[in-house]
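Chemist: sequence isn't available, so here's the structure alone:
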(Lines give C-alpha, C1' and ligand atoms only; values in the text may rest on other atoms or scores of the structure.)
Protein backbone atom coordinates (compact mmCIF):
# COMPACT_ATOMS: atom_id res chain seq x y z
CA UNK A 1 0.00 0.00 0.00
CA UNK A 2 1.33 3.41 -0.95
CA UNK A 3 0.85 6.21 1.58
CA UNK A 4 1.56 9.72 0.45
CA UNK A 5 3.43 12.19 2.62
CA UNK A 6 4.23 15.79 1.85
CA UNK A 7 7.87 16.78 1.59
CA UNK A 8 8.95 20.41 1.28
CA UNK A 9 12.36 20.55 -0.34
CA UNK A 10 14.06 23.72 0.84
CA UNK A 11 15.93 25.45 -1.91
CA UNK A 12 13.74 24.21 -4.75
CA UNK A 13 15.53 22.92 -7.78
CA UNK A 14 16.76 25.56 -10.21
CA UNK A 15 17.86 23.97 -13.45
CA UNK A 16 19.38 25.67 -16.47
CA UNK A 17 17.98 24.08 -19.58
CA UNK A 18 19.54 23.87 -23.01
CA UNK A 19 17.35 21.78 -25.29
CA UNK A 20 19.09 20.69 -28.46
CA UNK A 21 18.97 18.11 -31.25
CA UNK A 22 15.92 15.89 -30.98
CA UNK A 23 14.17 18.42 -28.72
CA UNK A 24 14.03 20.89 -31.60
CA UNK A 25 14.48 24.00 -29.41
CA UNK A 26 16.98 26.79 -28.98
CA UNK A 27 17.97 29.29 -26.30
CA UNK A 28 17.32 32.33 -28.47
CA UNK A 29 14.60 34.85 -27.72
CA UNK A 30 11.40 34.00 -29.57
CA UNK A 31 12.10 30.27 -29.74
CA UNK A 32 9.13 28.41 -31.28
CA UNK A 33 8.60 26.24 -28.20
CA UNK A 34 8.95 27.14 -24.55
CA UNK A 35 11.24 25.11 -22.33
CA UNK A 36 8.24 23.63 -20.54
CA UNK A 37 6.78 22.53 -23.86
CA UNK A 38 10.09 20.94 -24.84
CA UNK A 39 10.13 18.91 -21.61
CA UNK A 40 6.44 18.05 -21.62
CA UNK A 41 5.66 14.38 -22.04
CA UNK A 42 9.25 13.21 -21.63
CA UNK A 43 10.69 10.86 -19.03
CA UNK A 44 14.43 10.37 -18.60
CA UNK A 45 16.14 7.25 -17.26
CA UNK A 46 19.43 7.47 -15.34
CA UNK A 47 22.36 5.70 -16.96
CA UNK A 48 25.31 6.90 -14.87
CA UNK A 49 25.65 8.62 -11.50
CA UNK A 50 28.68 10.19 -9.84
CA UNK A 51 29.44 11.90 -6.56
CA UNK A 52 32.36 14.32 -6.18
CA UNK A 53 33.84 12.99 -9.42
CA UNK A 54 33.67 9.29 -8.46
CA UNK A 55 31.27 6.88 -10.17
CA UNK A 56 28.26 5.98 -8.04
CA UNK A 57 26.63 2.68 -9.09
CA UNK A 58 22.86 2.48 -9.22
CA UNK A 59 21.53 0.11 -6.58
CA UNK A 60 21.35 -3.39 -8.14
CA UNK A 61 18.10 -3.97 -9.98
CA UNK A 62 16.91 -0.36 -9.61
CA UNK A 63 15.89 2.30 -12.11
CA UNK A 64 16.00 6.06 -11.56
CA UNK A 65 13.67 8.30 -13.57
CA UNK A 66 12.70 11.96 -13.84
CA UNK A 67 9.63 12.91 -15.88
CA UNK A 68 7.68 15.99 -16.92
CA UNK A 69 4.02 16.08 -17.97
CA UNK A 70 1.36 18.78 -17.94
CA UNK A 71 3.19 21.00 -15.48
CA UNK A 72 3.86 18.09 -13.13
CA UNK A 73 7.25 16.60 -12.25
CA UNK A 74 7.60 13.00 -11.12
CA UNK A 75 10.77 11.25 -10.02
CA UNK A 76 11.69 7.85 -8.66
CA UNK A 77 14.92 6.26 -7.49
CA UNK A 78 13.66 2.68 -7.59
CA UNK A 79 10.92 2.34 -4.96
CA UNK A 80 8.95 5.41 -3.89
CA UNK A 81 7.66 8.12 -6.21
CA UNK A 82 7.89 11.86 -5.59
CA UNK A 83 5.81 14.34 -7.51
CA UNK A 84 4.58 17.91 -7.63
CA UNK A 85 4.01 20.93 -9.83
CA UNK A 86 6.77 22.81 -11.56
CA UNK A 87 7.24 25.98 -13.55
CA UNK A 88 10.17 27.20 -15.57
CA UNK A 89 11.27 30.76 -14.85
CA UNK A 90 14.04 31.86 -17.17
CA UNK A 91 16.57 29.06 -16.91
CA UNK A 92 15.26 27.81 -13.58
CA UNK A 93 13.04 24.83 -12.86
CA UNK A 94 10.96 25.85 -9.83
CA UNK A 95 9.38 22.86 -8.08
CA UNK A 96 6.43 23.24 -5.73
CA UNK A 97 5.83 21.14 -2.63
CA UNK A 98 6.59 17.50 -3.42
CA UNK A 99 4.53 14.56 -2.20
CA UNK A 100 6.25 11.20 -1.80
CA UNK A 101 4.97 7.70 -1.27
CA UNK A 102 6.17 6.03 1.90
CA UNK A 103 6.82 2.42 1.00
CA UNK A 104 9.46 0.42 2.85
CA UNK A 105 12.48 -0.08 0.59
CA UNK A 106 15.86 -1.74 0.73
CA UNK A 107 18.46 0.40 2.50
CA UNK A 108 20.44 0.97 -0.71
CA UNK A 109 17.29 2.17 -2.51
CA UNK A 110 16.36 4.55 0.31
CA UNK A 111 19.85 6.03 0.25
CA UNK A 112 19.47 6.45 -3.52
CA UNK A 113 16.15 8.27 -2.99
CA UNK A 114 17.83 10.68 -0.60
CA UNK A 115 20.61 11.24 -3.13
CA UNK A 116 18.09 12.05 -5.87
CA UNK A 117 16.13 14.39 -3.59
CA UNK A 118 19.37 16.19 -2.69
CA UNK A 119 20.28 16.53 -6.37
CA UNK A 120 16.87 17.92 -7.34
CA UNK A 121 16.95 20.42 -4.47
CA UNK A 122 20.52 21.58 -5.07
CA UNK A 123 19.72 23.88 -8.01
CA UNK A 124 21.44 21.54 -10.48
CA UNK A 125 22.57 22.72 -13.85
CA UNK A 126 21.10 20.90 -16.82
CA UNK A 127 22.71 19.90 -20.09
CA UNK A 128 20.61 18.40 -22.85
CA UNK A 129 22.21 17.10 -26.01
CA UNK A 130 19.87 15.20 -28.26
CA UNK A 131 18.23 12.53 -26.08
CA UNK A 132 20.79 12.86 -23.25
CA UNK A 133 20.07 14.85 -20.09
CA UNK A 134 22.69 15.74 -17.46
CA UNK A 135 21.81 17.08 -14.01
CA UNK A 136 24.69 18.36 -11.88
CA UNK A 137 24.66 20.13 -8.53
CA UNK A 138 26.78 20.25 -5.37
CA UNK A 139 29.03 17.41 -6.46
CA UNK A 140 26.19 15.13 -7.57
CA UNK A 141 25.77 14.32 -11.27
CA UNK A 142 23.22 12.16 -13.07
CA UNK A 143 23.40 11.34 -16.77
CA UNK A 144 20.02 10.28 -18.10
CA UNK A 145 18.59 9.30 -21.46
CA UNK A 146 15.09 9.74 -22.90
CA UNK A 147 13.11 6.64 -21.93
CA UNK A 148 11.82 6.23 -25.46
CA UNK A 149 15.41 5.65 -26.54
CA UNK A 150 16.44 3.74 -23.42
CA UNK A 151 13.69 1.21 -24.01
CA UNK A 152 14.89 0.66 -27.57
CA UNK A 153 17.60 -1.82 -26.64
CA UNK A 154 20.67 -1.86 -28.91
CA UNK A 155 21.90 -5.21 -30.26
CA UNK A 156 24.51 -7.01 -28.20
CA UNK A 157 26.64 -7.48 -31.33
CA UNK A 158 28.13 -4.43 -33.00
CA UNK A 159 27.63 -2.20 -29.94
CA UNK A 160 30.56 -0.93 -27.88
CA UNK A 161 29.70 -1.46 -24.21
CA UNK A 162 31.33 0.56 -21.40
CA UNK A 163 31.74 -1.14 -18.02
CA UNK A 164 30.12 0.87 -15.21
CA UNK A 165 29.71 -1.58 -12.33
CA UNK A 166 31.09 -4.86 -11.02
CA UNK A 167 28.76 -6.61 -8.56
CA UNK A 168 30.21 -9.36 -6.38
CA UNK A 169 27.68 -10.77 -3.94
CA UNK A 170 26.12 -7.73 -2.28
CA UNK A 171 29.04 -5.43 -3.07
CA UNK A 172 29.06 -3.07 -6.07
CA UNK A 173 32.25 -1.39 -7.29
CA UNK A 174 33.33 0.70 -10.24
CA UNK A 175 36.39 0.48 -12.52
CA UNK A 176 39.55 2.22 -11.27
CA UNK A 177 39.65 5.98 -11.77
CA UNK A 178 40.60 6.86 -15.34
CA UNK A 179 39.97 3.34 -16.66
CA UNK A 180 37.53 2.80 -19.54
CA UNK A 181 36.84 -0.91 -19.76
CA UNK A 182 34.89 -1.86 -22.87
CA UNK A 183 33.36 -4.88 -24.53
CA UNK A 184 32.68 -5.39 -28.23
CA UNK A 185 31.26 -8.46 -29.98
CA UNK A 186 31.52 -8.55 -33.76
CA UNK A 187 30.55 -11.75 -35.48
CA UNK A 188 32.17 -14.59 -33.55
CA UNK A 189 34.85 -12.39 -31.98
CA UNK A 190 34.75 -10.82 -28.50
CA UNK A 191 37.18 -8.03 -27.64
CA UNK A 192 37.65 -6.53 -24.18
CA UNK A 193 39.63 -3.62 -22.80
CA UNK A 194 40.20 -4.42 -19.16
CA UNK A 195 41.74 -2.50 -16.30
CA UNK A 196 45.04 -2.31 -18.18
CA UNK A 197 45.32 -4.98 -20.86
CA UNK A 198 43.35 -5.69 -24.00
CA UNK A 199 42.35 -9.12 -25.19
CA UNK A 200 40.03 -11.16 -27.33
CA UNK A 201 38.57 -14.58 -27.91
CA UNK A 202 36.11 -16.39 -30.12
CA UNK A 203 32.55 -16.35 -28.78
CA UNK A 204 29.21 -18.03 -29.35
CA UNK A 205 25.90 -16.91 -27.87
CA UNK A 206 23.25 -19.59 -27.39
CA UNK A 207 20.06 -18.80 -25.47
CA UNK A 208 21.86 -15.86 -23.88
CA UNK A 209 24.84 -17.93 -22.70
CA UNK A 210 28.27 -16.63 -23.75
CA UNK A 211 30.83 -19.33 -24.45
CA UNK A 212 34.34 -18.11 -25.25
CA UNK A 213 37.50 -19.76 -26.46
CA UNK A 214 40.90 -19.09 -24.85
CA UNK A 215 41.67 -15.40 -24.40
CA UNK A 216 44.73 -13.80 -25.98
CA UNK A 217 45.72 -10.83 -23.80
CA UNK A 218 48.40 -8.18 -23.93
CA UNK A 219 50.86 -8.29 -21.03
CA UNK A 220 51.36 -4.69 -19.97
CA UNK A 221 52.47 -3.91 -16.43
CA UNK A 222 49.47 -2.64 -14.47
CA UNK A 223 48.56 -1.10 -11.18
CA UNK A 224 47.10 -3.68 -8.76
CA UNK A 225 43.55 -2.39 -9.25
CA UNK A 226 43.88 -2.70 -13.03
CA UNK A 227 45.30 -6.20 -12.74
CA UNK A 228 42.44 -7.20 -10.46
CA UNK A 229 39.87 -5.95 -12.97
CA UNK A 230 41.62 -7.84 -15.81
CA UNK A 231 41.42 -11.04 -13.77
CA UNK A 232 37.78 -10.46 -12.85
CA UNK A 233 36.85 -10.09 -16.51
CA UNK A 234 38.73 -13.25 -17.48
CA UNK A 235 37.07 -15.16 -14.65
CA UNK A 236 33.57 -13.99 -15.60
CA UNK A 237 33.87 -14.58 -19.34
CA UNK A 238 35.57 -17.92 -18.73
CA UNK A 239 32.60 -19.14 -16.67
CA UNK A 240 30.08 -19.24 -19.58
CA UNK A 241 28.04 -16.32 -18.18
CA UNK A 242 24.52 -15.41 -19.22
CA UNK A 243 23.85 -12.10 -20.99
CA UNK A 244 20.82 -9.84 -21.19
CA UNK A 245 20.21 -6.36 -22.60
CA UNK A 246 17.79 -4.09 -20.72
CA UNK A 247 17.37 -0.61 -22.16
CA UNK A 248 20.85 0.76 -22.73
CA UNK A 249 22.46 -1.68 -20.28
CA UNK A 250 24.11 -5.04 -20.86
CA UNK A 251 24.30 -7.44 -17.91
CA UNK A 252 26.84 -10.29 -17.89
CA UNK A 253 26.01 -12.65 -15.02
CA UNK A 254 28.26 -15.40 -13.71
CA UNK A 255 27.71 -17.44 -10.53
CA UNK A 256 29.00 -14.87 -8.03
CA UNK A 257 29.87 -11.84 -10.14
CA UNK A 258 27.88 -9.62 -12.50
CA UNK A 259 29.21 -7.02 -14.93
CA UNK A 260 27.02 -4.04 -15.86
CA UNK A 261 27.77 -2.20 -19.10
CA UNK A 262 26.12 0.79 -20.78
CA UNK A 263 25.90 1.22 -24.55
CA UNK A 264 28.50 3.66 -25.78
CA UNK A 265 27.40 4.02 -29.38
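Modeler: Received, thanks. Being a predicted model, the structure only gives us computed values, none of them experimental. Residues are numbered from 1 along each chain as shown.

Chemist: and the helices in this protein, which stretches?
Modeler: 35-39, 107-120, 147-150, 224-237 (DSSP state H).

Chemist: and for the second one, what's in contact with it?
Modeler: The list of residues contacting helix 107-120 from outside it, by C-beta atoms under 8 Å, 6 or more residues apart in numbering, reads 7, 9, 13, 49, 51, 56, 58-60, 62, 64, 66, 75, 77-80, 82, 95, 105, 135, 137-138, 140, 142. C-beta here means a position set from N, CA and C on the backbone, and glycine is covered the same way.

Chemist: ditto for stretch 224-244
Modeler: In contact with stretch 224-244 (C-beta under 8 Å, 6+ apart) are residues 156, 166, 175-176, 179, 181, 190, 192, 194-197, 199, 201, 205, 208-212, 215, 217, 222, 250-255, 257, 259.

Chemist: same check on stretch 179-186?
Modeler: For stretch 179-186, the surrounding residues in contact (C-beta under 8 Å, 6+ apart) are 156-163, 175, 190-196, 203, 205, 226, 229, 233, 250, 252, 261, 264.

Chemist: can you select the buried ones from the residues you listed in PyMOL?
Modeler: Of the contacts of stretch 179-186, the buried ones go into a single PyMOL selection, burial set by 16 or more other C-beta atoms under 10 Å:
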select buried, resi 156+159+160+161+162+163+175+190+192+193+194+195+196+203+226+229+233+250+252+261
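
Chemist: need the pLDDT of residue 12.
Modeler: Residue 12 carries a pLDDT value of 33.

Chemist: cool, residue 72 as well?
Modeler: pLDDT recorded at residue 72 is 87.

Chemist: beta partners for residue 199?
Modeler: Beta-bridge partners for residue 199, by DSSP bridges, are residue 192, residue 217.

Chemist: for residue 147, give me its contacts.
Modeler: Shown in contact with residue 147 (C-beta under 8 Å, 6+ apart): 42-45, 65, 67.

Chemist: just to revisit the earlier point, just the contacts of stretch 224-244: which are in strands?
Modeler: Secondary structure defined by DSSP state E assigns 166, 190, 192, 199, 201, 205, 209-212, 217, 250-253, 257, 259 of these to strands.

Chemist: from those residues, list the buried ones, please.
Modeler: 166, 190, 192, 199, 201, 210, 212, 217, 250-253, 257, 259.

Chemist: farthest-separated two in the residues you listed?
Modeler: 217 and 251 (23.2 Å; C-beta to C-beta).

Chemist: ok, residue 66 to residue 106 distance?
Modeler: For residue 66, the distance to residue 106 equals 21 Å [C-beta to C-beta, to the nearest Å].

Chemist: between these two, which has more neighbouring residues?
Modeler: Neighbours were counted for residue 66 and for residue 106 using other C-beta atoms under 10 Å; residue 66 has more, 24 against 14.

Chemist: please name the nearest non-neighbouring residue to the more buried one.
Modeler: residue 75 (4.7 Å; C-beta to C-beta, 6 or more residues apart in numbering).
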